[in-house]
Every structure is written in structure tokens, then in C-alpha cells.
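Visitor: make a model of this:
(chains A and B)
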Amino acid sequence: MRLTRRLILVLLAPGLALALWLAVTLLLVGLVTGGSGIAVAPQVVQPVAMVLLSLWLAALAAGAWVMHRLWRVHVLGPAKLLNAARIMTSDMSVTSLPLSEDAAPMLRLVGREFEHMAAQRDELRMDMARLVDEASRSVSDQRDQLAALMAELSQAVIVCNRDGSVLLYNGQARDLVRRLAGQGFENGSLIGLGRSVHDLLDKAAIAHALETVEGRMARGVAAAAAVAQFVTTARGGHLLRVSLSPIRRSDHGEGEGGPVTGYVLLIDDITLDQQQSSRRDEALLRLTESSRAAIASMQAALEMLDYRDLAPEDRDRFLAIVRDEVAAMGERIGAIAEGELQTRATRWPLNDMLGGDLIAAAVRRLGETTGTPITTAPVEDDLWLRIDSFGLIQALDFLARQLRDLQDDPVLWLRLTRGNQRALLDLGWVGRAGAGAPDAARLTALPSLAVETDGQMLGASAREIVERHGGEIWLERGRGIGGEPAQPFFRMLLPLAAVDIAEPAAQIGSRPEFYDFDLFTAGAGSASDDQPLAGLTFTVFDCETTGLDPSGGDEIIQIGAVRIVNGRILTGETIDQLVDPQRSIPEAGIPIHHIHPHMVRGQPTIAQALPVFHRFAQGSVLVGHNVAFDMRFLKLKEAATGCVFDHPVLDTLLLSSVVHPAEESHSLEAIAARLGITIGGRHTALGDARATAEVFTRLIPLLARQGVTTLGEAREASGRSQFARLRY
Amino acid sequence: MSHRILIADDEPNIVVSLEFMMKREGYDVLVARDGTEALATIRASRPALVLLDGMMPGMSGFEVCEAVRADPDLAGTRIVMLTAKGRDTDVARGMGAGADAYVIKPFSTQELVQRVGELLA
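Guide: Modelled structure (predicted):
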């Protein structure tokens, strides 16, 4: 305990009061006795002076001790409680008050109440945190599930907000866009999170579909049923069938749906179907016309033969014509049956499936319904089928159950092999020893019976199901599964998948970002100075060049770019493009950028590559490291390419000097090291662009701490930077 | 008086019968195997009537028909399109190109003879 003046005064107060009281007493005695009392006082007091002084000193000490006790209990105790309570309010994790044992009992009770309240507060806080955590986990789970589901769909799916900004797309959508773009180098720049879907699909068609949907909903049709379909042509003459379903805000209560905030597009490329059907039409027309010509020749010849006075050699001539035409017609029809008209199978929605998977699924199903194990032979590894697996397994299952009814306890077997241009799927059986053979007529009729599952008619026979595949089914006797001869089995001819189907989609990045729901609330992407940095779309880019002097003839040889949307670097949406500079590449630069002349040969020229980059960067803020250098190259090409780069521009070098003005080096490596970023793949354009993007995303929060939060503020701060000398 | 008739068709099997029949009817018959030859023969020999196939190598029958109608010297030439192209659009094109008759294969030879007789009457 510190001895303050106040404390000393308090401690001495009882003794001093006693002394004062004594002095007052003596004064009163003097006044009353008229001075005689005082005069005798020395004689009276003298003998006991020492005793009196000792008594006074003792009283002084006792008073001080009592005051000390009272001070500790009634002054220090509440002060301590106050301090502890203050700590408790400011630090959520403190739930106990450090009260000493000698604190007043009342004070201890007050302290205990404080502790109770703190404990309750803590509990509430934990509950709240848990609820928030659970809710956000479930939201992110749902998103992941949704993303996974989208990835599994065989249709291209794109989800957009009302303005047409892409919030989500699946791998099929990406593949579709790549097909639309052709084999060119502008792959994928048509679709991306936050980009407009109108780059891909006709804006008017979508607007019309939305109108239709909203009209239907206004008439009271449920949102789920208010789907509009349209067919539109895309780039490269592709025909797309699009189905648009609205997304409504659900916070308007039951029944009364909110406004349409976005929509889901399901897209099918029907070009191929269209081509096939037009090929079919063409073949049909050719068949009609050639038949007419042939029949005309035959009819004319036959009518000549009707003349009774025909010379024998003329008769032979006309007969030869008829024979000739009949033979030619037979050939023609044979050729057509082999060729174009066989495409009818494509009308049924068939999917690619690995043969082994089909057999495994069939064995499982047949085992369940017949209650007996099914024998199979191993299936060739890369035997891909193009089938309606659901229908096929229903058909197999039906045949298997019928077989069991026809023959007592047969052993069933399945075999899938590659035939000539088709796959052969055999379902056979082996009767128990001594069991009679099933009735042949009933067996032959089996494929034509309507398939029945769980008491429900599927409406189609096994034959019809196989015919949907452009295949055939028949009862054959041949080698069984064990190689034994003359075994009965049903054989189905099924189509093989086209060869290129099995090729897996190339993985891009560790986890491509196909969705960003935060864009739901974002407006259409254009950057203005008052927008916060955290919500803007950025294109971070870098160019490798033949040299440092664009006006002296140096050219861009590589462009790398990556996008940042809502603070996230989209590793799946990048540009990594070599450019033919149409000049030599100086040897001096090759050790730095590692781009040799043979690598740029046959690559697009800058006039082809720049428009692609321009579209990629549309509506975003350009970001680069020492970006003035790159911008000079871009600006010089504006006239030649017609691409004007009037985007807002930010420079990580300048921004770094704003954040760390005292640092000497603002090279990309130095900044990355300061911010704790490890960068790989430097000195390729894309590698540098990625590193710059990493640096940039980490600079944003640091800038915010200095009060730089909007685009305008960032540009202003950059302009003030000591490095901002370069102009482009 | 014997009219001169040109049969223009690349199918020998139909030409044989047509030639036989038209000669039998007393016409003077010429034959061309493709469109270009047909047009050259029309210009050189001035047939009164042409039996013109729609689909021929070189010039198609439709093109020959258009070329004949574009040449005032050949204005009197009667043209019968005799073709396997039977869609209504084909018929419209043939008549539009200036054919006097459009006969879709197969056809009855008797009716054709009658039609030719009417056109030359």
C-alpha cells in the first residue's frame, strides 16, 4: 500500500483529534478558573506528564490502526472492485473478480453478483458465436453442395442476377463456351464470375424470356413453373436451347413472392441434333429423288415393253434397263440403311457410361430382385457406352425376372464385350441339372413384352428400349460365360461412345471458382471513384516484352492476367497468352523471360490478342506492378488495334510506397517478403500477374487502416507517392 | 411436218426409252448428256421442244431453262421439265424459270406424249 499524504492524514486523524480535544479542554479550564486553573496545571500535570504522553501516543497508534483497517475495507476494497469491474467490461474473457478475503462482506456479495452476470454474458456470447458459426457453416455447406451438384449436372448451368452478371456456372457451361469459342486462344474469356451473360447469349432473347416469366408469375403461376424456353444462335452458328427459371427473393413471406432477383439458365447445345436431323432430311430427300428417277426409268422402259411390235433386241434393251435400275436401287437403299438414317438413336437422351459401371449396377439390381447372385465376366477397361442406363437396367431386370418364372432356379450371367462398331451385352442363363428347357416361343416373345417394374408398366418393351439406342435384341445360342457351346442368351447391340468422350476435363488451378453469390447484391460491374476497393473487380496483368522501349520498336511477347472479384483471386479465370511480336526477340532478354523465338511462332499477333485481353478486362480496374511500363505498350497499340484502355489503373508499387513509405525497396519480391507471401513462377507474365494479385489483395486492408478505402482515395494516394513520377 | 425434239438427261436408262418412244411418234430426236451440251444443241439445232432433266452435271436443267428464256432468239423453244425434284419449291422454280410444263418423275409415257403433242400443236 502506498503511503500518500491523504493516507497519512487519515491515519493520524484520531490522535490529532485527541490532542485537539485536550487542548480545547485546557483552554476551557483556563477560562473557567480565570487563569488559576492553568497556573496550577503544571503542578498537577507534572507528575503524570509522561503517563499522559504515553497514553496519547498509544491512542494515536490505536487510532491509526483502526483508520488503516477502515481505509482498506471501505476505500481500497471498492476501488479494487471498480478496477476489476472495468477490466471485466472491456475484456469479454474475464469472468472472475480478484477480491481479497478482507473485503467487506457486502462488497464481496456485490462482486459475486458481478461474476454471475459475467458468466451469463459469457454463456450468451458463446451461444451466439455457436449459432452464427453453425449458420455460416450450413450456408457454406449448402453452397458447396450446390456447387458439387452443379458440377455433376450434364447440362450447362449458369446462374445470373437480374442484371445478367454471372454468379455461378458449372464445368459444362465452361466446356460449352469453349466449344462456342472454337479451338482459338480466347477460350473461356466469354464466361466468368461477375461477367455479363449477354456476352454469351443474346440480351434481347433473355429479356424477352424474363418478361414472359414475370408475366406468367403476375398471372399467378408459381415461380417454379414459370419457366421460359427459347432457342438462340450463339457465336460460330451454334444453336442453343435455353431454359430460364426465375429466382425470387424469399423474404416476402409465404405465398407472396418477392421480385425476381436473378435467374437460372439451363443450356443445351442442339447444333449437333439439328445437324443430324438436317443430314437425315437431306438423305431422305436424296433417297426420294434418286428413287423417282430410277422408277421413272423403269416405268418408261416397262411401258415401252407394252408395245406389241417391239423388235427382240429392243425388248432385251428395255429389260436390261429394268434389271439395272432394280439392282442400283437395292444398293442405294442398303447404303442408306448403313449410313445417315442410322442417327435416329441420338434423339433419345443417351449418356456416356463406362461398361464396367453398367454391369456393376445391373448385377446389383438383378441380385436384389431375383435374390440370386449373378455371374459376370470381367469387362474391358475403356469400354464406353452411350446409353440410357436406367432404361437398360429396367429391361435387363424384367428379362431376368421373366426367365426365373420360365425356368426353375436358373443361374443368370451377364457379359459385356466389344463387337464390330457396337457393344454386345448378353444376358444368359444356365438351367439346373435335370430342369427342362423353357418354352422357346415364350422366350422369343420376351423382348417384345412391355417391361413391368414394381407392378408399374414402363410402357416400353425391352426391344423398344434397345431400339432407342439404335440397337437390336435377339435370342442367340452360342458360347456361354464359361465358354461352353450352345448356351442360350439374349444379346443386345448397344452403341459405343464417341472416342473423345472419355477425355477428362483439364483441371485448372487447385479449385476453380465457379460461383460467387455475393455478386447477387452487387450492381453491374463498372468502376467509379466512390466505390470501395474491397467490392471492385480488378484485372491484374503483366506483359513480357522484347525490350524496354515501346516507341523504339519493342513489342509485347506475352500477356498474363488474372481477375479479382469481391476480394477473391479467381485462379480459374486467367489469360496466359504468348504473342508473336513479328520481330526478333533479343538474346539478352531470353534468360529473363525464357521465351524463345520458336515459341511465339504461329501464336496470335498483338492485333489478335489485345482485343481478347480488352474484353477480359472489361468493366474492371487494371492493376499491375510498375504498371506505367505495361500501360505504355498498351497505349501505343490503341490506334492499331482499336482497343482503348481507359480503365482506372492502380499500381502495386505506388500503393506499397503509400503503405510503407519508409521502406527502401518496392520490388515485387521485396513487397511479397514484407507481406509474408511466397511467390512461385516469377517472370512468366501469368506468374508475375498472380504474384501481383496476391500482393494487391493484401495491400487493400493495409490501405484501409490508413483511411484509403475507395478507388478514388487509392488513386489520389498513389498520385502523392514519391514514386509517382512516371506517366504513361 | 416432223418436229425436232431434244432429250437432255444424264441418265441413259431413261434416255433410251424416251428416244425410242419419241422416234416412234415420228419426231426428229436429238440427245444431250449434260446441261452445257443441251444448251449448245438448242442454240445449234433449234429444236421445237426440249425434255429437260432438272439435275445434270455442268449446268442444271433449271439453269438451262433460264438461259434459253434469256435468249430472245430461242423464244419459240418449248420446254418440258422432266425431273425427280418434286418438292413444291422445285416446281415453283421450274415454272418461274420459264418451263412450259413441269413433269415429276416417275410419269406415264402416254401422258407425256400427249402433253408434247399439245405443246407442239
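
Visitor: chain B contacts on chain A?
Guide: By the rule C-beta under 8 Å from any C-beta of the partner chain, the part of chain A lying against chain B is A:285, A:288-293, A:295-301, A:303-304, A:307, A:314, A:317-318, A:321, A:324-325. Where C-beta positions appear, they are placed from N, C-alpha and C, glycine not excepted.

Visitor: just the buried residues of those.
Guide: A:289-293, A:295-301, A:303-304, A:317-318, A:321, A:324-325 (16 or more other C-beta atoms under 10 Å in any protein chain shown).

Visitor: narrow those to those in helices?
Guide: In this view, these that belong to helices under DSSP state H are A:289-293, A:295-301, A:303-304, A:317-318, A:321, A:324-325.

Visitor: end to end, how far does stretch A:215-234 reach?
Guide: The first and last residues of stretch A:215-234 sit 26 Å apart, counting by C-alpha to C-alpha, to the nearest Å.

Visitor: how far does that stretch sit from its chain's centre?
Guide: Centre-to-centre, stretch A:215-234 and its host chain are 26 Å apart (C-alpha atoms, centre = their mean, to the nearest Å).

Visitor: cool, stretch A:419-432 as well?
Guide: 43 Å.

Visitor: contacts for that stretch?
Guide: Contacts to stretch A:419-432, defined as C-beta atoms under 8 Å, 6 or more residues apart in numbering or on different chains, come from residues A:355, A:358, A:383, A:385, A:392, A:396, A:399-400, A:403, A:407-418, A:437, A:471, A:476, A:480-481, A:487-496.

Visitor: let's see the pLDDT reported for residue 14.
Guide: You didn't pick a chain, so chain A it is. For A:Pro14, the model assigns a pLDDT of 84.

Visitor: that answer is for a different chain, and I need it for chain B
Guide: The model's pLDDT for B:Ile14 equals 92.

Visitor: likewise for A:Leu519?
Guide: pLDDT, A:Leu519: 55.

Visitor: which bits of chain B sit near chain A?
Guide: Counting by C-beta under 8 Å from any C-beta, chain B sits next to chain A at B:11, B:13-14, B:16-18, B:20-21, B:24, B:55, B:84-87, B:104-110.

Visitor: hmm, 10 Å instead?
Guide: B:9-18, B:20-21, B:24, B:53-55, B:82-87, B:90, B:103-110, B:112 (C-beta under 10 Å from any C-beta of the partner chain).

Visitor: just those residues: which are in helices?
Guide: Per DSSP H, those map to helices at B:12-18, B:20-21, B:24, B:90, B:109-110, B:112.

Visitor: in PyMOL, select just the buried ones from these.
Guide: In PyMOL, this line selects whichever of those come out buried by 16+ other C-beta under 10 Å:
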select buried, chain B and resi 13+14+15+16+17+18+20+21+90+109+112
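
Visitor: and which of the ones in helices among the residues of chain B next to chain A is nearest A:Ala223?
Guide: Nearest to A:Ala223 among those is B:Asp90, at 49.5 Å by C-beta to C-beta.

Visitor: separation between the closest one and B:Ile79?
Guide: 15 Å (C-beta to C-beta, to the nearest Å).

Visitor: ok, A:His596 next?
Guide: For A:His596, the distance to B:Ile79 - C-beta to C-beta - is 68 Å.

Visitor: what about A:Ile575, which SS state?
Guide: strand (DSSP: H, G, I helix; E, B strand; the rest coil).

Visitor: what is the neighbour count of it?
Guide: If you count neighbours by other C-beta atoms under 10 Å in any protein chain shown, A:Ile575 ends up with 25.

Visitor: close enough to count as contact, it and A:Phe541?
Guide: Yes: using C-beta atoms under 10 Å, A:Ile575 makes contact with A:Phe541 at a distance of 7.6 Å.

Visitor: can you tell me which of the contacts of stretch A:419-432 are in strands?
Guide: A:385, A:411-418, A:476, A:487-495 (DSSP state E).

Visitor: ok, the closest residue in space to B:Tyr27 that isn't next to it in sequence - contacts?
Guide: Using C-beta to C-beta, 6 or more residues apart in numbering or on different chains and skipping residues adjacent in sequence, the residue nearest B:Tyr27 is B:Ile5, 4.6 Å away. By C-beta atoms under 10 Å, 6 or more residues apart in numbering or on different chains, the residues touching B:Ile5 are B:18-19, B:22-23, B:25, B:27-31, B:47-51, B:78, B:80, B:116, B:120.

Visitor: list the contacts of stretch A:299-308.
Guide: A:310, A:314-315, A:317-325, B:13-18, B:20-21, B:24, B:105-110, B:112.
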